[in-house]
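> The sequence and its predicted three-dimensional model are supplied below.
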Amino acid sequence: GRLLARFGATALLRTGLLIEAGTHAALAATTVPWVAAAVLAVFGVHAMVWGVIVSTLRQRAVPAGLLGRVGSVNSLFDVGGAAVGSLLAGLVAQALTITAPYWIAAAVMIAITTAAWHPLARARNL
């Protein structure tokens with residue numbers, strides 16, 4: 001609540017996308033365990049903040065009668081996407097290098113950030 005009140009949803013979501021791209025790149029680039037641990041800690045905080053903001057916005061935007069359905073579809077894509085992504089990352093790591101999935105994830109997140117930057121401006125209106 002405090003973060004939303006101070007910075008607004010648009011700024012927090014945009015920053016979250018940048019953090020996510022940066023954490024993937026940092027994990028790909030580092031070979032130092034404590035650096036990787038710090039990056040994962042930052043990612044964990046980002047994931048919590050992102051999740052709360054997105055859930056709040058979804059609850060405000062979706063009619064009460066559809067919240068269960070929309071939430072279940074969101075969970076399906078969230079958990080299902082993580083499972084498929086893990087499988088694909090394993091195949092990519094096996095075929096290329098152990099860091100390749102992180103570099104690819106960073107590139108994909110940069111593309112997502114670019115595509116989502118302007119549409120996220122509407123987040124403050126919810």
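Done, it's in.
> any residues touching stretch 83-90, and which ones?
Stretch 83-90 has contacts (Cβ atoms under 8 Å, 6 or more residues apart in numbering) with Pro101, Ala105. C-beta coordinates here come from the backbone N, C-alpha and C atoms, glycine included.
> try it again with 6 Å
Applying Cβ atoms under 6 Å, 6 or more residues apart in numbering, the set of residues contacting stretch 83-90 from outside is Pro101.
> buried sites along that stretch?
Taking 16 or more other Cβ atoms under 10 Å as the neighbour-count basis, stretch 83-90 is seen to contain the buried residues Ala89.
> Stretch 91-106 now?
Residues of stretch 91-106 classed as buried by neighbour count (16+ other Cβ under 10 Å): Val92, Pro101, Tyr102, Trp103, Ile104, Ala105, Ala106.
> next one: stretch 36-56
Within stretch 36-56, the residues scored as buried using 16+ other Cβ under 10 Å are Val39, Phe43, His46, Val49, Trp50, Ile53, Val54.
> now the residue of the chain positioned farthest from its centre: how far from Leu57?
Relative to the mean C-alpha coordinate of the chain, counting by Cα atoms, centre = their mean, the farthest residue is Gly65 (26.9 Å). Distance, Gly65 to Leu57, using Cβ to Cβ, to the nearest Å: 18 Å.
> In the helix or strand of the chain with the lowest mean pLDDT, which residues are buried?
Scoring the helices and strands of the chain by mean pLDDT, DSSP states H and E places helix 2-7 at the bottom, with a mean of 88. Judged by neighbour count using 16+ other Cβ under 10 Å, the buried positions of helix 2-7 are Leu4.
> what's in contact with that helix?
If you take Cβ under 6 Å, 6+ apart as the criterion, helix 2-7 is touched by Leu12.
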